[in-house]
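> I'd like to go over a predicted model; first the sequence, then the structure.
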Amino acid sequence: MTDVLWLGGPPGAGKSTVAERLARRYGLRRYHADTRTWAHRDRALAAGVPAAERFERLSPADRWAAPVDELYAMALHHERGPMVADDVRALPPAPLTIAEGTVITPRLVDALPGRAALWLLPTPELLEERLAERELAPGPLALYRRLAEVVETEVRASGAPFLRIDGATDTVRAVEDRWARHLAAGPHAAGREERRALLREANEAVVAQYDGFFARPWAPDGRDTAEADFSCACGDTACTDRVRRRIAAVDPAEPSHRDTQAGWEAAAGALRAETETGEGT
Ligand SMILES: [Zn+2]
């Protein structure tokens, strides 16, 4: 099984950005729990979890009209923890994995400790600001607030390590500093081709998540026109670009900042620097 760095926190805490940047910078595998939602719902259905069955029976509109306690139950927050643990146990032993998601709980980390764990807890003001940016409907807004309360309560009750996020500090840098020793220890991807393969894997997980959604019997049509953000798969350790593509047309190994003139210039600069330092394959 793999070694893992766990990154938890409520929706809007910035986990995805932190995990993606660090994974690209250090050549790590990224496990993003949000890309497994439908696979996990299928497992919960197979196990006969009543809240999972209720979720599938309701139309999306009826679902979101439910009281927040019911929204929270149907989110399978606790049921998904052991599923995440199973997923992570099944990953290859190298490189080091950074696993992130709201469903990563102190209880999960107790069961599968990994190398380190950290929760990002936004201040109440920042949380409201981030949720407002998403322009959520009342149902998702109530659910996300509830998840934020639950995560904070669980983390504080268990004495788990956390970073208070106020929006003023650079969260990527703060986590990088906190985990410096673990990030340096690796194991890291061996070179550009392995980094590209990891990015492809992360992009394939995004496509699989959309496919899982559109395969639901109640899902709307729209797979042909749906778009998502993908990681630039160039494999440069300094690249932070995200590329918007139609999921029906994307090649997960292809999205690249080099599709733009500015991107070409940045890539050429990075290649020159690599050639000079002998890094890269
Ligand atoms: Zn790139």
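Yes, it's here.

> Going by C-alpha atoms from here, please, whenever you check contacts or count neighbours.
OK.

> now the end-to-end length of stretch 183-197.
Stretch 183-197 stretches 19 Å from its first residue to its last (Cα to Cα, to the nearest Å).

> Next, the buried residues of that stretch.
183, 186, 187, 188, 189, 192, 194, 195, 196, 197 (16 or more other Cα atoms under 10 Å).

> same thing with stretch 83-103?
83-85, 88, 91, 94-103.

> what does stretch 133-151 give?
139, 140, 141, 142, 143, 144, 145, 146, 147, 148, 150, 151.

> Quick check: the fifth one vs residue 137, distance?
The one in question is residue 143. In terms of Cα to Cα, residue 143 sits 10 Å off from residue 137.

> In helices, which of the buried residues of stretch 83-103 appear?
The helices, defined by DSSP state H, take in 83, 84, 85, 88 from the buried residues of stretch 83-103.

> Show me which pair in those residues is furthest apart.
Greatest spatial distance in those: 83 and 88, 8.6 Å, computed using Cα to Cα.

> where does the stretch 1-150 of the chain dip in pLDDT?
1-2 (pLDDT under 70).

> now the strands for it?
With strands called from DSSP state E, counting those that start in this stretch, the stretch 1-150 of the chain shows them at 4-8, 29-32, 97-100, 116-122.

> Which one, of those, ends up nearest to residue 211?
Between residue 211 and these, the tightest spacing by Cα to Cα is seen for strand 29-32, at 16.0 Å.

> So which elements touch that closest one?
Secondary-structure packing of strand 29-32 (3 or more Cα pairs under 8 Å, 6 or more residues apart in numbering; DSSP states H and E): helix 15-26, strand 97-100, helix 192-214.

> The same query, at a cut-off of 7 Å, please.
For strand 29-32, the elements it packs on are helix 15-26, strand 97-100, judged by 3 or more Cα pairs under 7 Å, 6 or more residues apart in numbering; DSSP states H and E.

> so which of the ones you listed is the most packed in?
strand 97-100 (a mean of 26; mean count of other Cα atoms under 10 Å).

> circling back: which members of the buried residues of stretch 133-151 occur in helices, if any?
Applying DSSP H to the buried residues of stretch 133-151, the entries found in helices are 139, 140, 141, 142, 143, 144, 145, 146, 147, 148, 150, 151.

> In TSV: the residues you listed, plus distance to residue 212.
Formatted as TSV, those follow (distance: Cα to Cα, whole Å):
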residue	distance to residue 212
139	22
140	20
141	23
142	25
143	22
144	22
145	26
146	25
147	23
148	26
150	27
151	26
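
> mind listing the strands for the stretch 151-281 of the chain?
Counting by DSSP E, counting those that start in this stretch, the strands of the stretch 151-281 of the chain are 162-165, 227-231, 242-246.

> can you put the ones you listed in TSV and add distance to residue 35, mean pLDDT and mean neighbour count?
Formatted as TSV, those follow (distance: least, Cα to Cα, whole Å; pLDDT from 0 to 100; neighbours: other Cα atoms under 10 Å):
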stretch	distance to residue 35	mean pLDDT	mean neighbour count
strand 162-165	24	96	16
strand 227-231	12	93	20
strand 242-246	16	91	16
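
> any idea how far the ion is from residue 122?
Noted for residue 122: a distance of 29 Å to the ion, by Cα to the ion, to the nearest Å.

> Residue 182 too?
Distance from residue 182 to the ion, by Cα to the ion: 25 Å.

> Nearest to the ion, out of the buried residues of stretch 183-197: which one, please.
If you rank those by distance to the ion using Cα to the ion, residue 196 comes first, at 9.9 Å.

> what does the stretch 151-281 of the chain have sitting close to the ion?
Contact residues, the stretch 151-281 of the chain versus the ion (Cα under 5 Å from the ion): 232, 234, 239, 257.

> Residue 207 reaches residue 247, doesn't it?
Yes - counting by Cα atoms under 7 Å, residue 207 touches residue 247, with 6.1 Å between them.

> Skipping its backbone neighbours, what lies nearest the residue nearest to the spatial centre of the chain in space?
Closest residue to the average C-alpha location of the chain: residue 32 at 3.1 Å, with Cα atoms, centre = their mean. Spatial nearest neighbour of residue 32, excluding adjacent residues (Cα to Cα, 6 or more residues apart in numbering): residue 100 at 5.3 Å.
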